[in-house]
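1. okay, predicted coordinates and the sequence, questions at the end:
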Amino acid sequence: MRPLLPPGSLLYAAGGLSGACVLVMGAGTGFLLDRWWGLGAGLVLGMGALLLALKATVLLCTLQTSQRLQTLTKGDPQGEAAALTVLHAIALYQAAVFPLRPGGVRADARDLRRLVAYRSAAGEGLPRLVRAAAAEALGVIDLGRDTGRAQAAVWTVNEAVRDCRPGFISLHDDHTS
């Protein structure tokens, strides 16, 4: 049987209900202690407690997520992401220089892809092996003469990106994919 609401909506509803309960409990406690002034103070303290609990929950979730990602990736995740970005940018630039049909890519689109490829290849966190392969590939593509040589240079960048990912994602302790 399907639930009436999606799980995300149920989670928001549960959070809202919990918040309302904390506020009512704070207000009720404050009202019992000092009537109307206590009611206001209890609301403020209840809201503070709710926000503190919310902040702690978010920090714990962030910490748990980052720890889980560290167990999944081996090496430098930022370097891997930068290397993949360079590979994609170079592949897009290659497709603009050697389009499938003549005149398929406008000159301004090709220039923009070239700019993106060069800027991403000059990125800060890029592994040195990928940076060297990217520079060579961009030089070959810039010549715009030999499709096979350009494809081989992009393949070299692909291999360099794979080499900077020392295990891809470890799904199990004894296996890598």
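-> Structure received. Residues are numbered from 1 along each chain as shown.
2. just the element for Gly19, please.
-> helix 7-72 (DSSP states H and E).
3. equivalent analysis for Ala160, please.
-> Using DSSP H and E, Ala160 falls in helix 147-163.
4. okay, buried residues for that helix please.
-> Ala150, Ala153, Val154, Thr156, Val157, Asn158, Ala160, Val161 (16 or more other CB atoms under 10 Å). (Glycine included, C-beta is placed from N, CA and C.)
5. what helices or strands is that helix leaning on?
-> helix 77-97, helix 128-143 (3 or more CB pairs under 8 Å, 6 or more residues apart in numbering; DSSP states H and E).
6. mean pLDDT added to those helices, as JSON lines?
-> Output for those, formatted as JSON lines (pLDDT from 0 to 100):
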{"stretch": "helix 77-97", "mean pLDDT": "89"}
{"stretch": "helix 128-143", "mean pLDDT": "92"}
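7. in CSV, list those helices along with mean neighbour count.
-> Converted to CSV, the helices and strands packed on helix 147-163 look like this (neighbours: other CB atoms under 10 Å):
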stretch, mean neighbour count
helix 77-97, 20
helix 128-143, 19
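8. quick check: pLDDT value at the residue lying closest to Ala13 once chain neighbours are set aside.
-> Spatial nearest neighbour of Ala13, excluding adjacent residues (CB to CB, 6 or more residues apart in numbering): Leu5 at 7.4 Å. Leu5 is assigned a predicted lDDT (pLDDT) of 77.
9. hang on, the earlier thing: state the mean pLDDT of the helix holding Ala160.
-> 91.
10. and it, C-alpha only, in CSV?
-> Taking Å, rounded to 0.1, in the frame of the first residue of the first chain, the C-alpha atoms of helix 147-163 are listed here in CSV:
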residue,chain,number,x,y,z
THR,A,147,40.9,13.8,-35.8
GLY,A,148,42.6,10.5,-34.9
ARG,A,149,45.5,12.3,-33.1
ALA,A,150,43.0,14.5,-31.3
GLN,A,151,41.0,11.5,-30.2
ALA,A,152,44.2,9.8,-29.0
ALA,A,153,45.1,12.9,-27.0
VAL,A,154,41.7,13.1,-25.4
TRP,A,155,42.0,9.3,-24.6
THR,A,156,45.3,10.1,-22.8
VAL,A,157,43.5,12.7,-20.7
ASN,A,158,40.9,10.1,-19.9
GLU,A,159,43.6,7.7,-18.8
ALA,A,160,45.2,10.4,-16.7
VAL,A,161,41.9,11.1,-15.0
ARG,A,162,41.4,7.4,-14.3
ASP,A,163,45.0,7.2,-12.8
